[in-house]
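Visitor: Sequence plus predicted model, see below.
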Amino acid sequence: MNRYVRIAPSILSADFAYLGAAIEMAEAAGADVIHVDVMDGHFVPNMTIGPPVVAALRKVTSLPLDVHLMIETPERYVEAFAQAGADMLTVHPEATVHLHQVLRQIRGLGVQAGVSLNPATPESVLRYVVGLVDLVLVMTVNPGFGGQDFLPEMLPKIAAVRGILDAAGSAAWLSVDGGINVETAPLVVAHGATHLVAGSAIFAAAEGVAAAISALRGSVSAARDVA
């Protein structure tokens, strides 16, 4: 089946002093989504941004804001991020006691709900919440820092998630984040991904943001026919 592949630049790798300009460049270059990583220093060993920054980003782009909550007890914060302008909120199963409840809470706020799977998190967790998710994010690195190397052993997991979504008749995006570049992007698309999160490959590219997004999109053009 031929599926459109969305490119989602991750601002984690952008210059935080010029986030607005970075997002404007990405949007002008044809990005489909802006990926925002939120870290609390507890669930992952790093700290980043909160709702006020998301609200500021909302003012500079019309693109969907895909907000990845790498935080403990996300149910305490999803309303604030929704009010700040997030279009999608993705949580981790390990970060909350009641995953079903959080996903329903997110959807009740008029925001799309996502589940993120760390490298060691089994895809089987999706079987119990597949009807509540609009996005599944497969991490191909251990979360917390940008610029890590892609874990190729995650490719069968991406294919397994694709199978779960297809079997359930789900239209949820299958997003992949971690070490995505022109070499790895075709691999994850061939295994069923429809949404590519890329940070360093875009914002740290020597050729610039526009050329990097063009190269990334071109690298997957031959891999869009997926099983």
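Guide: Structure's in. What do you need?
Visitor: Show me where the chain has its helices.
Guide: Secondary structure of the chain by DSSP state H: the helices cover 19-28, 51-58, 78-84, 99-108, 155-167, 185-190, 200-203, 209-220.
Visitor: my read: N118 touches V141, true?
Guide: No: contact criterion CB atoms under 8 Å: N118 and V141 do not qualify, at 9.4 Å. No exception for glycine: its C-beta is placed from N, CA and C like everyone else's.
Visitor: before we move on, back to that, which one of the helices of the chain lies nearest to V130?
Guide: helix 155-167 (6.3 Å; CB to CB).
Visitor: Identify all contacting residues around stretch 20-34.
Guide: Under the contact criterion CB atoms under 8 Å, 6 or more residues apart in numbering, stretch 20-34 has outside partners 6-9, 11, 14-15, 56-57, 60-66, 195, 202-203, 209-210, 213-214, 217.
Visitor: repeat that for 7 Å
Guide: Stretch 20-34 is contacted by residues 6-9, 11, 14-15, 57, 60-61, 63-66, 202-203, 209-210, 213 when judged by CB atoms under 7 Å, 6 or more residues apart in numbering.
Visitor: Please type out the PyMOL selection for whichever of those residues turn out to be buried.
Guide: Here is the PyMOL command that selects the buried residues among the contacts of stretch 20-34 (16 or more other CB atoms under 10 Å):
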select buried, resi 6+7+8+9+11+14+57+61+63+64+65+66+202+203+209+210+213
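Visitor: In the chain, where is pLDDT below threshold?
Guide: Across the chain, the ranges flagged by pLDDT under 70 are 1-2, 144-147, 222-227.
Visitor: at 80 what do you get?
Guide: For the chain, the stretches with pLDDT under 80 are 1-3, 45-47, 143-148, 222-227.
Visitor: Tell me how far the closest residue in space to V125 that isn't next to it in sequence lies from T121.
Guide: Excluding the flanking residues, the one nearest V125 by CB to CB, 6 or more residues apart in numbering is P93, at 5.1 Å. Separation of P93 from T121 (CB to CB, to the nearest Å) stands at 6 Å.
Visitor: Also T73?
Guide: 18 Å.
Visitor: again, but for L69
Guide: Taking CB to CB, one finds L69 at 15 Å from T121.
Visitor: what's the answer for A14, then?
Guide: When A14 is compared with T121 (using CB to CB), they lie 27 Å apart.
Visitor: cool, and H42?
Guide: Distance, H42 to T121, by CB to CB: 17 Å.
Visitor: Which residue of those two possesses the greater neighbour count?
Guide: Remark: of H42 and T121, T121 carries more neighbours, 17 against 12, as counted by other CB atoms under 10 Å.
Visitor: ok, now which ones touch that one?
Guide: So T121 contacts 93-94 (CB under 7 Å, 6+ apart).
Visitor: Same check on V53?
Guide: Contacts of V53 by CB under 7 Å, 6+ apart: none found.
Visitor: for L65, same thing?
Guide: Taking CB under 7 Å, 6+ apart as the test, what L65 contacts is 34, 36, 54, 57-58, 85-87.
Visitor: Distance to M154 added to these, as TSV?
Guide: TSV is the format used below for the contacts of L65 (distance: CB to CB, whole Å):
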residue	distance to M154
I34	23
V36	22
V54	28
L57	28
R58	31
G85	30
A86	26
D87	25
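Visitor: of all those, which comes closest to V78?
Guide: Among the contacts of L65, A86 lies closest to V78 (CB to CB), at 8.5 Å.
Visitor: Surely that closest one and P51 touch.
Guide: No: counting by CB atoms under 7 Å, P51 is not a contact partner of A86; they are 8.5 Å apart.
Visitor: Thanks a lot, see you next time.
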